[in-house]
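In: I would like the atomic coordinates for the input below:
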Amino acid sequence: MKSLQPGDTGRDVEVWQRFLARVWVGEFDTMLPGVFDDATEEATRAFQERFGMEISGLVDRGTLEQAQMLGLGTVDDMTPKGVTKSTALAVFVMLVAFSILSQCMLMPGSGQTYGGYQLPVDPKLVPGTAPRRECPGWFC
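Out: Numbers count the residues shown, from 1 in each chain. I've put the predicted structure just below:
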């Protein structure tokens with residue numbers, strides 16, 4: 001975990017807030033999850049005072065060391081990791097690519113009939129049928 005100060009956001013802040021609630025120096029319900037707000041700063045000051053540290057309201061190296069001795073690592077392990085923006089973007093790109101492939105390559109003859117039967121393949125592969133002239137995909 002990195003040093004934290006008012007205005008910081010993210011998972012590290014949420015882990016710190018959960019830790020403060022666990023050691024009974026902060027009300028987790030009053031803190032905005034993942035945002036180092038005024039309530040988080042006050043709880044940080046209370047933590048520092050309770051354990052005889054310099055009261056700054058910042059999560060600095062000394063504060064983190066004391067927190068590690070009191071189980072900050074356990075709270076970190078128990079806090080959900082979530083989905084990162086890059087993972088979400090990668091999944092979205094894969095879904096779009098699959099959609100395009102399914103429209104143009106996997107089902108090129110979709111929607112065409114021959115003798116009253118649905119064609120599962122491109123008409124060029126069925127003897128005696130005229131080739132389809134338009135693109136089978138939605139983007140053509």
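In: against which helices or strands is the lengthiest helix in the chain packed?
Out: Among the segments of the chain that qualify as a helix by DSSP state H, the longest is helix 85-101. Using 3 or more CB pairs under 8 Å, 6 or more residues apart in numbering; DSSP states H and E, no helix or strand is in contact with helix 85-101. C-beta here means a position set from N, CA and C on the backbone, and glycine is covered the same way.
In: the bottom helix or strand of the protein by mean pLDDT?
Out: strand 113-114 (a mean of 62; mean pLDDT, DSSP states H and E).
In: now the strands for this protein?
Out: Under the criterion DSSP state E, the chain contains strands at 113-114, 117-118.
In: where are the low-confidence patches of the protein?
Out: Along the chain, segments meeting pLDDT under 70 span 82-87, 101-140.
In: would you map out the domains in it?
Out: 11-78, 85-125 (automatic domain parsing).
In: mind putting these in a markdown table, mean neighbour count and distance to Ser3 included?
Out: As requested, the domains of the chain are exported to a markdown table (neighbours: other CB atoms under 10 Å; distance: least, CB to CB, whole Å):
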| stretch | mean neighbour count | distance to Ser3 |
| --- | --- | --- |
| domain 11-78 | 17 | 5 |
| domain 85-125 | 12 | 23 |
